[in-house]
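> Starting from these lines, generate the structure:
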Amino acid sequence: MTTFEPEHLPRRAIKRRLPRPSEIRPLLKFRQPRFDVRERRLATTHTIDDLRTIARRRTPRPVFDYVDGAAEQEISLGRARRAFENVELHPRVLQDVTEVDPATSVLGGQSALPLVLAPTGFTRMMHHEGEIAVARAAARAGIPYVLSTMGTTDLEDVRASAPSARQWFQLYLWKDRAASEALVERAAQAGYEALVLTVDTPIGGARMRDVRNGLTIPPTLTVRTLAGIAVRPSWWMNLLTTEPLQFAALSNFDGTVEELIGTMFDPSLTVEDLRWLRGLWQGKLVVKGIQSVADAKEMAASGVDALVLSNHGGRQLDRAPTPLELLPRVVDAVGDDCEVILDTGVRTGADLVAARALGASAAMVGRAYLYGLMAAGEQGVERAIEILRAEYVRTLRLLGVKRTDEITAEHASLRLPARM
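Coordinates of the predicted model:
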């Protein structure tokens with residue numbers, strides 16, 4: 001039998017010709033011009049990292065670093081993100097996923113996604129539209145938004161900006177207990193459906209980027225910041241021509257974040273204070289900042305409605321437990337006593353799937369939507385939510401899952417590190 005090597009094959013001449021106009025016309029695709037500056041800016045964003053890139057270009061470095069950074073060596077933040085990278089998803093094939101429903105129940109109410117926009121302080125520092133922009137975007141998306149005690153817009157104004165939305169209020173208990181009680185009463189009168197008590201800030205974490213940048217709240221006009229005006233003029237113009245940047249829930253404060261926490265927050269809190277708050281607040285009560293199974297069981301026994309596993313985005317205790325790795329053990333420990341929500345490290349829609357599969361009812365994101373806010377205000381927050389939703393729905397389809405409530409532990413697992 002004769003075999004032919006490629007060089008023994010006869011060469012075939014390729015005939016060339018000029019293309020006809022009718023063949024060229026279908027290939028010509030011109031984008032319609034976008035006259036909205038923000039819309040044009042967001043047109044090339046496809047991931048949260050894309051929004052982060054724009055945010056970094058558009059905001060002064062101290063502001064961007066305040067959002068992007070974490071405590072000390074930022075080990076906790078890195079571990080949280082790597083934990084999601086170590087998730088392995090397990091798809092089923094030949095499943096009809098023509099229609100997919102991403103909605104679910106979170107804290108007893110309907111949510112279009114298993115997603116909650118986390119409380120973030122000083123939001124008008126990131127963009128002058130601030131908390132109201134975030135509340136409106138969350139309302140249109142049909143997901144809950146948590147307003148921070150350290151917000152820069154009055155809680156009544158935020159509530160009024162999206163009255164039909166699901167809004168929760170995050171609380172730090174201050175040394176001035178009467179002031180805390182008054183704040184709780186204001187939240188109740190304004191119609192916030194849940195109170196989220198943050199418990200992982202007895203003192204402020206050492207956020208070294210802020211220390212090195214000399215960040216103060218509000219930003220001060222130093223030689224360094226004045227030089228930054230030339231680099232980020234639009235940010236500074238918006239800051240200086242809108243309402244003064246100040247805390248809505250407390251009197252003016254001029255200093256660093258760490259100094260503020262040391263001055264206002266109460267390091268003597270115990271479970272008794274939680275029980276006091278449970279008696280004061282008649283709505284849903286959530287405890288945020290749980291980092292151990294023992295604490296989860298104790299909080300659940302105190303009558304709270306939900307726990308948020310969180311190490312504060314890596315911004316408090318560095319080398320703290322990684323919430324995603326802790327999640328299955330906490331869910332197993334508290335059972336049906338209360339709901340479990342995951343926080344820290346969530347950056348993609350696939351991360352939301354992983355959180356659900358490992359037992360969380362939903363996940364909170366903070367940095368993800370703040371990147372969008374810094375990039376393009378309210379439209380940027382909307383784009384961040386759109387990206388997460390698209391990724392989430394696509395992941396469900398590729399997994400062969402039709403509905404959020406069909407996600408189980410069979411759909412994801414944490415991969416063990418490879419042995420050396």
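
> For residue 264, the count of nearby residues, please.
For residue 264, the neighbour count with other Cβ atoms under 10 Å is 18. Every C-beta, even on glycine, is put in place using the N, C-alpha and C of the backbone.

> Tell me both backbone torsions, phi and psi, for the closest residue to it other than its chain neighbours.
Once flanking residues are discounted, residue 264 sits nearest to residue 174: 5.2 Å by Cβ to Cβ, 6 or more residues apart in numbering. Backbone geometry at residue 174, expressed as degrees, to the nearest 10, gives phi -90, psi 170.

> what's the burial count for residue 174?
18.

> Tell me if I'm right that it and residue 184 touch.
No: judged on Cβ atoms under 8 Å, residue 174 makes no contact with residue 184 at a distance of 11.2 Å.

> Now do the contacts for residue 329.
Residues in contact with residue 329 (Cβ atoms under 8 Å, 6 or more residues apart in numbering) are residue 293.

> Quick check: residue 181 touching residue 279?
No: checked against Cβ under 8 Å, the pair residue 181 and residue 279 is beyond contact range at 11.2 Å.

> ok, so what distance separates residue 298 from residue 407?
28 Å (Cβ to Cβ, to the nearest Å).

> Of the two, which one has the most company?
Neighbour count, other Cβ under 10 Å: between residue 298 and residue 407, residue 407 has more, with 22 against 14.

> Thought residue 358 was touching the more buried one, still the case?
No: using Cβ under 8 Å, residue 407 is not in contact with residue 358; the gap is 9.7 Å.

> quick one on the thing from earlier: so what's the residue nearest to residue 264 up against?
With contact set as Cβ under 8 Å, 6+ apart, residue 174 has these partners: 180, 250, 264, 265, 266.

> now residue 113
Taking Cβ under 8 Å, 6+ apart, we find residue 113 in contact with 102-104, 141-143, 352, 362, 385, 388-389, 392, 404.

> So which of the residues you listed sit within strands?
Per DSSP state E, strands hold the following members of the contacts of residue 113: 104, 362.

> Mind checking which of the contacts of residue 113 are in helices?
Among the contacts of residue 113, the members falling in helices (DSSP state H) are 141, 352, 385, 388, 389, 392.

> The contacts of residue 174: which two are farthest apart?
Greatest spacing in those, by Cβ to Cβ: 250 and 266 (13.6 Å).

> From what I see, residue 415 and residue 88 are in contact.
Yes: proximity of residue 415 to residue 88 meets the contact threshold set by Cβ under 8 Å, at 5.0 Å.

> Tell me where the longest strand sits in the chain.
Secondary structure of the chain per DSSP E: the longest strand is strand 284-290.

> Quick test: name the residue nearest the centre of the chain.
The chain has residue 365 as the residue nearest its centroid, 1.6 Å off, counting by Cα atoms, centre = their mean.

> can you count the residues close to the closest residue to it other than its chain neighbours?
What sits nearest to residue 365 in space, not counting adjacent residues and going by Cβ to Cβ, 6+ apart, is residue 346, at 4.9 Å. Residue 346 has 28 neighbours, counted by other Cβ under 10 Å.

> next one: residue 176
Residue 176, neighbours per other Cβ under 10 Å, totals 13.

> Please tell me the pLDDT value assigned to it.
Note for residue 176: predicted pLDDT of 82.

> if I look at it, how far off is residue 246?
Noted for residue 176: a distance of 18 Å to residue 246, by Cβ to Cβ.

> hang on, the earlier thing: surely the residue nearest to residue 365 is in a helix?
No: under the criterion used here (DSSP: H, G, I helix; E, B strand; the rest coil), residue 346 is coil, not part of a helix.

> Give me the contact list for stretch 330-341.
106-107, 116, 286, 290, 293, 296-297, 299-301, 304-309, 327, 358-364.

> try 7 Å this time
Residues outside stretch 330-341 that contact it (Cβ atoms under 7 Å, 6 or more residues apart in numbering): 107, 116, 293, 296-297, 300, 304-309, 327, 359-364.

> so of the residues you listed, which ones are in helices?
Going by DSSP H, the helices hold 293, 296, 297, 300, 327 from the contacts of stretch 330-341.

> If any of those are buried, put those into a ChimeraX selection.
Only the buried entries of the ones in helices among the contacts of stretch 330-341 go into this ChimeraX selection, using 16 or more other Cβ atoms under 10 Å:
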select :296,297,300,327
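
> Same list (the ones in helices among the contacts of stretch 330-341) but as CSV, adding distance to residue 152 and pLDDT.
Output for the ones in helices among the contacts of stretch 330-341, formatted as CSV (distance: Cβ to Cβ, whole Å; pLDDT from 0 to 100):
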residue, distance to residue 152, pLDDT
293, 36, 97
296, 32, 97
297, 36, 96
300, 33, 95
327, 32, 97
